[in-house]
Structures are given as C-alpha cells and as structure tokens.
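Participant: okay, predicted coordinates and the sequence, questions at the end:
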Amino acid sequence: MHTDAEFSAKGMFGERIAHGPLIFSLGIGMSVQIPNALPKHFIEAYGIDKVRFTAPTMIGDTIHTELEVIDLDAKDDNPGVVTTQVKVVNQKGQTACSYQTKAAVARRPK
C-alpha cells in the first residue's frame, strides 16, 4: 500500500499512501522549525509517547504540525519537563498523526 500502485489500488485507500513512520518523522522535523517550538532552555529530548496514525496521507497532500503545551513538570530543582501534544494535519484539517513529546528544560533558580 506504500509503494505498489497496482496493489494499493485494490486496498482500502484506493491508492498509495505515505508510510505512517514517514509522516511521524516529518512531523518531528517540522516541529523544531516552528519558532519557539523548542523551549528557550532546551536541554534534551526526554521521550515520545502515544503515537497514533489516525488518517492516511496521500501522495500530493500538504501537511503541517500543530503543537500545544499540555504539561509542565518540575522533576527536581533542575531540570523540568515540558510535554507537548503534537498533531500532523493535512490540508483538509484531518489529523494524520498525533503524539506527545517530552523535553528536559532548564528551570530558573529558586
């Protein structure tokens, strides 16, 4: 369904689609290009959770990412963890892929 046009034409989507992990990796790449997407005092990636592929991405689709901070966690004195909900959305407004990212960030001294 990803590379064979004849096989894909008989499948549930009727045509080839982009592989889910490709859309996920493009979403990660696009997310870090959004101004201020990475916290100012970013230290390192802390994890990725709840990856879901919820709609097909067809050849020729246009996608973008949308991020929302959903949690701030003060682990210890330093660092803290910022959790974001990320959506990879197509030109029709459909979410093709969603996931949560966690980033370790420096905190202000008390």
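Facilitator: That came in fine, so what should we check first?
Participant: residues in contact with G29?
Facilitator: Remark: with contacts taken as CB atoms under 8 Å, 6 or more residues apart in numbering, G29 is in contact with nothing. To be clear about C-beta, it is placed using only N, CA and C from the backbone, and glycine gets the same treatment.
Participant: give me the neighbour count for N78.
Facilitator: N78: 15 surrounding residues under other CB atoms under 10 Å.
Participant: can you classify the residue lying closest to it once chain neighbours are set aside as helix, strand or coil?
Facilitator: Of all residues not flanking N78 in the chain, R107 sits nearest, at 5.2 Å (CB to CB, 6 or more residues apart in numbering). Using DSSP: H, G, I helix; E, B strand; the rest coil, the three-state assignment for R107 comes out as coil.
Participant: verify the stated contact: R107 with V82.
Facilitator: No. In this structure, R107 is not within contact of V82 by CB atoms under 8 Å, at 10.4 Å.
Participant: which one's more surrounded, those two?
Facilitator: The residue with more neighbours, out of R107 and V82 and counting by other CB under 10 Å, is V82; that gives 20 against 14.
Participant: buried set for whichever strand or helix holds that one?
Facilitator: Assigned by DSSP states H and E, V82 belongs to strand 80-90. Neighbour-count burial for strand 80-90, counted by 16 or more other CB atoms under 10 Å, picks out G80, V81, V82, T83, T84, V86, K87, V88, V89, N90.
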